[in-house]
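> Sequence unavailable; structure follows:
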């Protein structure tokens, strides 16, 4: 695994998070919090779950093992507040990624999860996990947006590739 791949995947993650947040910002407050019977009930709760996961993994990569969210409460946050936190953690993660090497990705890190269990994985695998986790839950947000009758963004990796290349990959 190479650090450039990980940096690329997190640039994609940040772009995709932004796409979903843009769509969520257009929701009335009632719809943002509506229980849609998903793994996390509402769009807001799913977004805050993604945010919490990205935060807790970043803390772990920095040698901490938080057992719970330590920031301002997220249960009533509007999308602008959620976005501000996403942006803050993306910058902090970017600073960490800028200092890492390929060798660092192969090193195992041990942490204690929120249940008090100890785990150890190579840093690169943890980072891939976070990208995958965020993708999974963004897909749930897209489904919820459609259930609410709103347009939902496409956050496919190849859409990101096309945007980054100015659409030069299209053949026809």
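Arrived safely, thanks for sending. This is a predicted model, so every value here is computed, not measured.

> From now on I want contacts and neighbour counts done on CA atoms only, so please keep to that.
OK.

> Spatially nearest residue to the most centrally placed residue in the chain (excluding sequence neighbours)?
By Cα atoms, centre = their mean, the chain has its centre lying nearest to residue 134, at 4.1 Å. Once flanking residues are discounted, residue 134 sits nearest to residue 50: 5.8 Å by Cα to Cα, 6 or more residues apart in numbering.

> From residue 4, how far out is that neighbour?
23 Å (Cα to Cα, to the nearest Å).

> which one of those two has more residues nearby?
Neighbour totals were compared for residue 50 and residue 4, and residue 50 leads with 20 against 14 (other Cα atoms under 10 Å).

> Residue 88: neighbour count?
Per other Cα under 10 Å, the neighbour tally for residue 88 reads 13.

> tell me the contacts of it?
Neighbour list for residue 88: empty [criterion: Cα atoms under 8 Å, 6 or more residues apart in numbering].

> Spell out, range by range, the helices that occur in this protein.
3-25, 29-32, 43-61, 79-99, 102-106, 123-147, 157-164 (DSSP state H).

> Give the residue spans of the protein that score low on pLDDT.
72-73, 75-76, 169-172 (pLDDT under 70).

> okay, now residue 130: neighbour count?
That count, for residue 130 with other Cα under 10 Å as the rule, works out to 20.

> show me the contacts for it.
Applying Cα under 8 Å, 6+ apart to residue 130 gives the contacts 53-54, 57.

> One more pass at 7 Å, please.
By Cα atoms under 7 Å, 6 or more residues apart in numbering, the residues touching residue 130 are residue 54.

> if we can go back for a sec, relative to residue 115, which of the helices of the chain is closest?
Closest of the helices of the chain to residue 115 is helix 43-61, at 12.9 Å (criterion: Cα to Cα).

> re earlier: okay, the helices of the chain, which one's buried deepest?
helix 43-61 (a mean of 21; mean count of other Cα atoms under 10 Å).

> other SSEs contacting that helix?
Under the contact criterion of 3 or more Cα pairs under 7 Å, 6 or more residues apart in numbering; DSSP states H and E, helix 43-61 touches helix 79-99, helix 123-147.
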